[in-house]
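**Student:** Here's a sequence, model it:
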Amino acid sequence: MPIGRYIVDFVALDLKLIIEVDGGQHDLREARDAQRTRVLEQWGYHVVRFWNNDVLGNIEGVLETILHENHLIR
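**Tutor:** Got it, this is the predicted structure:
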């Protein structure tokens, strides 16, 4: 989903909640990802990141975290 100059993995526009799912390449882009998160947060979004292996191996935990984050931003 495009937001400004960025493409995010998933977004709930009404909640201004962005979910990013990161693969191993993000280990090499940590500073760039942090800057991107800061910009998105300046625009009023809340960004939550998960590793691919967490999504694939612990989807219940991921969903629980998303629900928790949703309650925090409401």
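**Student:** ok, Arg38 to Arg32 distance?
**Tutor:** From Arg38 over to Arg32 the distance is 11 Å, taken as C-beta to C-beta, to the nearest Å. Where C-beta positions appear, they are placed from N, C-alpha and C, glycine not excepted.
**Student:** do the same with Trp43
**Tutor:** According to C-beta to C-beta, Trp43 and Arg32 sit 17 Å apart.
**Student:** same deal with Leu67?
**Tutor:** From Leu67 to Arg32 the distance is 29 Å (C-beta to C-beta).
**Student:** Ile3 too?
**Tutor:** 16 Å.
**Student:** Look at those two and report which has more neighbours.
**Tutor:** Ile3 (15 against 10; other C-beta atoms under 10 Å).
**Student:** show me the contacts for the more buried one.
**Tutor:** Going by C-beta atoms under 8 Å, 6 or more residues apart in numbering, Ile3 touches 11, 18, 40, 43, 45.
**Student:** Asp54 too?
**Tutor:** 61-62.
**Student:** Which positions within the helix or strand hosting Leu63 qualify as buried?
**Tutor:** Using DSSP states H and E, the element containing Leu63 is helix 59-73. Residues 62, 66, 69 are the ones in helix 59-73 that count as buried (16 or more other C-beta atoms under 10 Å).
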